[in-house]
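[1] No letters, just coordinates:
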């Protein structure tokens, strides 16, 4: 794709963002990086920088939270802004709901992570499954699986993640309103209407 405007984002909400781009007529070329990069800061930084360099002068916005300790400094260097929020869950659910669930002990699970759980988590927690259960139980009380209007059926995969972490599985259906508002606000902040 060759356009003047570009979105670089985390692949965890690829389907939802593509849907909203189409729905709103936001003409942005989009590239999505693997969501599993969150567990490896060096790979996340390198992948994001390569993508930004490849599309130098085209980037309208970056769809990421503060998923790397130096995220904002990296983006400031190239004059690019990102969506406001701590992470994709915060951006998707809205800050108040995100904080409320987090305070109650939630570990958040989108379809993308449920489908690739062993690959993503196994890369940083290989070995004894009881160690992984212990780590998750020490920090969380339940697994909150988030179904979006674009989600497929990932109930079997979510059940497997629940068994692997020993966390109770809870479900929530959440619309695209917060995500849409965040994308629109970020486009406006970047001086771009997306049309």
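    Sure, I can see it. Computed from a predicted model, the values in this text were never measured in an experiment.
[2] domains of this structure?
    6-87+176-189, 89-173 (automatic domain parsing).
[3] possible to save these as JSON lines with mean neighbour count and mean pLDDT?
    (Each C-beta comes from the backbone N, C-alpha and C, glycine too.) Shown next, in JSON lines, are the domains of the chain (neighbours: other C-beta atoms under 10 Å; pLDDT from 0 to 100):
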{"stretch": "domain 6-87+176-189", "mean neighbour count": "17", "mean pLDDT": "86"}
{"stretch": "domain 89-173", "mean neighbour count": "16", "mean pLDDT": "91"}
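[4] thought residue 69 was touching residue 42?
    No. With contact defined as C-beta atoms under 8 Å, residue 69 does not reach residue 42; the gap is 11.4 Å.
[5] And residue 5, how far from residue 48?
    Relative to residue 48, residue 5 is positioned 18 Å away (C-beta to C-beta, to the nearest Å).
[6] actually residue 120, not the one I wrote
    Separation of residue 120 from residue 48 (C-beta to C-beta): 17 Å.
[7] What of residue 98?
    Distance, residue 98 to residue 48, using C-beta to C-beta: 22 Å.
[8] again, but for residue 92
    From residue 92 to residue 48 the distance is 19 Å (C-beta to C-beta).
[9] which residues in this protein form helices?
    Applying DSSP state H to the chain gives helices spanning 14-24, 41-54, 71-77, 88-93, 95-103, 111-115, 117-122, 129-139, 155-165, 177-189.
[10] Could you give the separation of the longest one from the chain centroid?
    Centre-to-centre, helix 41-54 and its host chain are 16 Å apart (C-alpha atoms, centre = their mean, to the nearest Å).
[11] Let me see the contact set for the residue nearest the centre of the chain.
    The centre of the chain sits closest to residue 88, judged by C-alpha atoms, centre = their mean, with a distance of 3.7 Å. Residues in contact with residue 88 (C-beta atoms under 8 Å, 6 or more residues apart in numbering) are 10, 12, 13, 64, 65, 67, 110.
[12] Relative to residue 163, which of those is nearest.
    residue 110 (18.3 Å; C-beta to C-beta).
[13] Got phi/psi on that closest one?
    Dihedral pair for residue 110: phi -90, psi 170, per degrees, to the nearest 10.
[14] related to what we said a few turns ago, got a list of what the residue lying closest to the residue nearest to the centre of the chain once chain neighbours are set aside touches?
    Leaving aside its chain neighbours, residue 88 sits nearest to residue 12 (5.1 Å; criterion: C-beta to C-beta, 6 or more residues apart in numbering). By C-beta under 8 Å, 6+ apart, the contact set of residue 12 is 35, 88, 110, 112, 113.
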